[in-house]
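**Q** fold the stuff below for me.
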Amino acid sequence: MQLDETDVSILRVLQENGRLSFRQIAERVGVSVPTISNKIAGLEASGVIKGYLASLDPEKMGETSVIVSIKVKPMDLRGAADRFRYNENVRQIFLTTNSRILLVCSYTASHMINDFVGKLGDLPEVLEYDITNVIDVIRESPRALVASNLNIVVQCSLCDKEIREGGIHARLDGKDLYFCGSSCQKVFQEKQERWRAKA
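**A** Presented below is the predicted three-dimensional model:
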């Protein structure tokens, strides 16, 4: 599904200030308030807009940030990353193609960093690791780059396969559905018809 210019304009405005009302966004983009409401609802439903957060400065709050690079075996990559998923000090987790997990962590006290490093050595999946303190932030922007002609990656409503190009968009019972091909759409519709017949 390709984003149109209105979608792109909305995303640019929201990235600058996520606190604006629909009316304020409509004025900046040059479309009606209902159009903004519908477009944002669609962007939220597709997962492009994940949420609305305040951008906080950890250094201003007296926190120390570190970047941790962890080398694991390729087969252990996701399992090892899951160990950090619910650690509140781990703010971001990235998996890379060279079998590394990159963590961005923030701590309110330096002894907490030492405790974390001590536990890393006890994890069986960890082959090696490196930890670096962040001493200054020159630029920190949202990772999403809003540009024209973007395509949304959606999941097939039947088989959950990622759809990056092409695909079929359908609307059923007020919901947007996406299918990787006509066969998935047909099977989905047949299931819906059987379900309705039983109801």
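
**Q** from here on, contacts and neighbour counts on C-alpha atoms
**A** Will do.

**Q** by residue count, what's the longest helix in the chain?
**A** With DSSP state H setting the assignment, residue counts place helix 182-198 as the longest helix in the chain.

**Q** which ones are touching the residue nearest the centre of the chain?
**A** The centroid of the chain falls nearest to Lys50 when counting by C-alpha atoms, centre = their mean (6.2 Å). When contacts are counted by C-alpha atoms under 8 Å, 6 or more residues apart in numbering, Lys50 is found next to Glu44.

**Q** per-residue pLDDT of it, please?
**A** Here the pLDDT value assigned to Lys50 is 91.

**Q** go on, Met1?
**A** Reading off the per-residue confidence, Met1 sits at a pLDDT of 67.

**Q** bridging residues for the residue nearest to Glu125 when sequence neighbours are not counted?
**A** In space, and not counting its chain neighbours, Glu125 is closest to Val72: 5.8 Å by C-alpha to C-alpha, 6 or more residues apart in numbering. Under DSSP bridges, the beta-bridge partners of Val72 are Val126.

**Q** grab the nearest non-local neighbour of Asp176.
**A** Ala170 (6.0 Å).

**Q** touching the host helix or strand of Asn114 from outside, list them.
**A** In this structure, Asn114 is located in helix 110-120 according to DSSP states H and E. Contact partners of helix 110-120, identified using C-alpha under 8 Å, 6+ apart, comprise Thr64, Tyr107, Val126.

**Q** and what of stretch 142-149?
**A** Contacting residues not belonging to stretch 142-149 are listed as Gln2, Leu3, Asp4, Glu5, Val8, Leu11, Arg12, Gln15 [C-alpha under 8 Å, 6+ apart].

**Q** out of those residues, which end up buried?
**A** Buried by 16 or more other C-alpha atoms under 10 Å: Val8, Leu11, Arg12, Gln15, out of those.

**Q** helices of the chain, residue ranges please.
**A** Along the chain, the segments classed as helices by DSSP H run 5-16, 22-29, 33-45, 77-82, 110-120, 182-198.

**Q** so for the longest one, what gets flagged as buried?
**A** In other words, helix 182-198. Along helix 182-198, the positions that meet the burial threshold by neighbour count (16+ other C-alpha under 10 Å) are Cys184, Gln185.

**Q** domains in this protein, by residue range?
**A** What the record gives for the chain is the domain set 64-133, 153-199, from automatic domain parsing.

**Q** dump these to CSV, plus mean pLDDT and distance to Leu56.
**A** Shown next, in CSV, are these (pLDDT from 0 to 100; distance: least, C-alpha to C-alpha, whole Å):
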stretch, mean pLDDT, distance to Leu56
domain 64-133, 94, 12
domain 153-199, 85, 29
